[in-house]
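Peer 1: need the 3D shape of this:
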Amino acid sequence: MPHRLPMKFLCSLALALAFAGARADTVTFSETYNDVLVKDPLYGYYALPTATTTARASLAWKGGIDITSFDYDTAVSVDLDGIGFSQYSLGDDPSYQPGKKSAVFTETDFDTGLSDRLALSWTATTLSITATFYYDIADLEDAVFGGVGPFSIPPLHLEFTMGTFTSQAVTLTLPVRDTIQKVRIPSSDPLILNHASVSGAAHDPLNPFFDAQGVYNGLFVNDTVAPDNSGAATFTLTTSGAYSGKLLLQGVAWPFTGQFTVNADHTISSATTVKRKKLGDWQLSLNLLTNLQPTALTGSVAAAEWESGLSANRTVYDSAAAPAGVFNSALAPAGPDSAAAPGGYGYGRTTVSSKGAVTLAWNLADGVAGPVTFAGSVAQDGSFPYYFSLYKGQGVLLGWGQFGAASTPAWVKNPTSSKFYPAGFTADFQGDFALAAARYTAPKARANLFGQTSVTLSLQGADIPAVTNFPFTYNPVKNTFVAAAANTNAISLALNLQTGVFSGSFNPGGGKVLFHGAFLPDADAGYGFFDRVNQTGSVTLLIPK
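Peer 2: Alright, predicted model coming up:
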């Protein structure tokens, strides 16, 4: 008759054995849990097992077995490290007869009403067995976990015996994958979880990856930013602690995979190699910080010649931190000398979707035509990384955007043969802001975007005589601007009310020069740039106070 530990939770072991020729052992193990997840203020999410916890294992051999000796007294036993143990003889199955090629054994524990079942079937060369165990969660913790959390499961040993055949203590590992079945419920209610099977980490009632699973976006940045040592990173983390992702550098995406480990001091870390073939591998070191909000990844990316710090935030959207909509953006001049670095304001649009996706389309004041684009997502605190690989891999613009807070990007260009700034530059942003954004909503028909009829325009840099606060009178009905002073530079101005983009021209001597920019309502100002010869200058549109 079978023996087992006190019954509370179900552990099902499914073993498939095949015998033919030389033997080779193959072991797989999976488990399924249906738990209640509650949130503890100290430990975070905590999984409470229910009365239907199941586990399944399969074991396969190829070899020889003599079934002619099977009779009523042939013993069958399965042992999993003392956690689950069943022992029968074929005669314990009332339906068994010599020559029959199957047997089934069942028993019920009257304390719990749960059943124990062991089923076998065989041919001349193949034997299959399915065993079911019930065990108390405390016994499992004592036998496997040592009773101390956070829990990790070491390798277990499984032994099967039938007749004169005994397996050789096959080693198993317990994998787990935790998925939330129900999430849109009041915060006071528990979440119902289903732990589906994958290979990898062990089941952990305090699984730190429950609340950390998802997509992370971030940057790796060197102390001395350069196009070949600073870039973007994206990760997808599963509830088993496994992750995959890409590092973006100089227009190329390099994939990687890895597995986080919960250390003895409760820190969570990982190290993996980013394969780059003949270009030289990178070493990726990571730490998962589950105590932060949003959950964050930190670490480093190391090549033979450099090492850059990495940070990434989990992208959970909170509309209060980053409301959906269109934001006009402005990037300050890269330096005070427009001959040495872009002297104009870059401008563009930053769009946040109702699900937290972020798209950027910016026109940079570097003499390169057309906008640069980036797509990402917003973290719970409203932050988002942005990264542009520029000048065919010889330049980079990156940083962290933060709605409602200051942001300082890094912008670097290596020496190239381009017309504008061929010596390259490293941005030294000066002034009241480096990067600003303001929500833009097109005004209703005939409404005055500026709130008054007077605006001024200033132009400077790029070797022109500065124009300071040149006045215009604005007609909101016709959406037109009329110069309000002697217009010796032939300055014209127009506004696209749908986008807030303004444009115009002037003649500082030597021919017409075009300019363009974007109006930021929250700042009561517009910012833009113009190109002239081989450098750029700035344009500022202001509402007089």
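Peer 1: quick one: secondary structure of the residue of the chain most remote from its centre?
Peer 2: Largest separation from the mean C-alpha position in the chain: P98, at 59.5 Å (CA atoms, centre = their mean). Following DSSP: H, G, I helix; E, B strand; the rest coil, we place P98 in the coil state.
Peer 1: just for the stretch 1-150 of the chain, where's the confidence low?
Peer 2: For the stretch 1-150 of the chain, the stretches flagged by pLDDT under 70 are 1-66, 80-85, 108-116, 125-126, 129-150.
Peer 1: if you skip the residues just before and after it, what's nearest to V301?
Peer 2: Spatial nearest neighbour of V301, excluding adjacent residues (CB to CB, 6 or more residues apart in numbering): F220 at 4.4 Å. C-beta coordinates here come from the backbone N, C-alpha and C atoms, glycine included.
Peer 1: re earlier: I figured the residue farthest from the centre of the chain hits D71, correct?
Peer 2: Yes: if you go by CB atoms under 8 Å, P98 and D71 touch, sitting 6.2 Å apart.
Peer 1: now do the contacts for Q283.
Peer 2: Contact analysis of Q283 by CB atoms under 8 Å, 6 or more residues apart in numbering lists A271, T273, V274, V301, A302.
Peer 1: show the buried residues in those residues.
Peer 2: Neighbour-count burial (16 or more other CB atoms under 10 Å) applied to the contacts of Q283 gives V274, V301, A302.
Peer 1: from those, pick the one nearest Y345.
Peer 2: Nearest to Y345 out of these is V301 (CB to CB; 31.9 Å).
Peer 1: okay, and that closest one sits in which element?
Peer 2: strand 296-302 (DSSP states H and E).
Peer 1: now tell me what touches that strand from outside.
Peer 2: Outside strand 296-302, the residues touching it (CB under 8 Å, 6+ apart) are 216, 218, 220, 233, 235, 247, 274, 282-289, 307-314.
Peer 1: and the next helix or strand past it?
Peer 2: Per DSSP H and E, strand 296-302 leads on to strand 307-314 as the next helix or strand towards the C-terminus.
Peer 1: chain center to that following strand, what's the gap?
Peer 2: Its chain's C-alpha centre and that of strand 307-314 lie 12 Å apart, by CA atoms, centre = their mean, to the nearest Å.
Peer 1: what angle separates that strand from strand 296-302?
Peer 2: Counting by axes from the mean of the first three to the mean of the last three CA atoms, to 10 degrees, strand 307-314 lies at 160 degrees to strand 296-302.
Peer 1: got a PyMOL select line for the buried ones in the contacts of strand 296-302?
Peer 2: Buried residues among the contacts of strand 296-302 (16+ other CB under 10 Å), as a PyMOL selection:
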select buried, resi 216+218+220+233+235+247+274+282+284+285+286+288+289+307+308+310+311+312+313+314
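Peer 1: ok, back up a step: CA atoms only: put the strand holding V301 into PDB for me.
Peer 2: What follows is strand 296-302, C-alpha atoms only, in PDB (Å, rounded to 0.1, in the frame of the first residue of the first chain):
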ATOM      1  CA  ALA A 296      14.200  49.700 -12.400                       C
ATOM      2  CA  LEU A 297      17.200  47.900 -13.900                       C
ATOM      3  CA  THR A 298      20.700  49.200 -13.400                       C
ATOM      4  CA  GLY A 299      24.100  47.800 -14.400                       C
ATOM      5  CA  SER A 300      26.700  48.300 -17.100                       C
ATOM      6  CA  VAL A 301      27.700  47.400 -20.600                       C
ATOM      7  CA  ALA A 302      31.400  46.700 -21.000                       C
END
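Peer 1: sheet partners, orientation included, of it?
Peer 2: strand 282-289 (antiparallel), strand 307-314 (antiparallel) (DSSP bridges).
Peer 1: and those strands as CSV, adding distance to P255 and mean pLDDT?
Peer 2: Below are the strands paired with strand 296-302 laid out as CSV (distance: least, CB to CB, whole Å; pLDDT from 0 to 100):
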stretch, distance to P255, mean pLDDT
strand 282-289, 11, 96
strand 307-314, 16, 96
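Peer 1: got JSON lines for these, with distance to V252 too?
Peer 2: Converted to JSON lines, the strands paired with strand 296-302 look like this (distance: least, CB to CB, whole Å):
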{"stretch": "strand 282-289", "distance to V252": "12"}
{"stretch": "strand 307-314", "distance to V252": "16"}
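Peer 1: among the ones you listed, which is nearest A324?
Peer 2: It is, among the strands paired with strand 296-302 and with distance given as CB to CB, strand 307-314, at 18.5 Å.
Peer 1: got the contact list for the residue farthest from the centre of the chain?
Peer 2: Here P98 is in contact with F70, D71, Y72 (criterion: CB under 8 Å, 6+ apart).
Peer 1: secondary structure element holding the closest residue in space to G504 that isn't next to it in sequence?
Peer 2: Among residues not flanking G504 along the chain, L493 sits closest, at 4.2 Å (CB to CB, 6+ apart). Secondary structure assigned from DSSP H and E places L493 in strand 492-496.
Peer 1: mind giving me the packing neighbours of that strand?
Peer 2: strand 480-483, strand 501-506 (3 or more CB pairs under 8 Å, 6 or more residues apart in numbering; DSSP states H and E).
Peer 1: now do the buried residues in the shortest one.
Peer 2: In this case it means strand 480-483. Applying 16+ other CB under 10 Å to strand 480-483 flags F481, A483 as buried.
Peer 1: cool, the last one as well?
Peer 2: When burial is assessed from 16+ other CB under 10 Å, strand 501-506 yields the following buried residues: V501, F502, G504, S505, F506.
Peer 1: for the fourth one, list each beta-bridge partner.
Peer 2: Which is S505. Counting by DSSP bridges, S505 forms beta bridges with S492, L514.
Peer 1: gap between it and A518?
Peer 2: 17 Å (CB to CB, to the nearest Å).
Peer 1: same question for the second one.
Peer 2: F502 sits at a distance of 7 Å from A518 (criterion: CB to CB).
Peer 1: wait, what's in contact with A483?
Peer 2: Contacts of A483 (CB under 8 Å, 6+ apart): F470, P471, F472, I491.
Peer 1: now swap in H516 and tell me
Peer 2: By CB under 8 Å, 6+ apart, the contact list for H516 reads Y347, N363, V501, F502, S503, G504, G528, F529, F530, V539.
Peer 1: which one of these is nearest S128?
Peer 2: Once CB to CB is applied, the member of those that ends up nearest S128 is N363, at 67.6 Å.
Peer 1: just checking, the closest one touches R349?
Peer 2: No: N363 is beyond contact range of R349, at 9.6 Å (criterion: CB under 8 Å).
Peer 1: more crowded one of these two?
Peer 2: More crowded of N363 and R349, by other CB atoms under 10 Å: N363, with 24 against 20.
Peer 1: want to try TSV for the contacts of Q283, with pLDDT and distance to S121 as columns?
Peer 2: Shown next, in TSV, are these (pLDDT from 0 to 100; distance: CB to CB, whole Å):
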residue	pLDDT	distance to S121
A271	96	46
T273	97	46
V274	97	48
V301	98	54
A302	97	55
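Peer 1: same list, those residues, but as CSV with distance to G382 please.
Peer 2: Shown next, in CSV, are the contacts of Q283 (distance: CB to CB, whole Å):
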residue, distance to G382
A271, 31
T273, 34
V274, 30
V301, 25
A302, 30
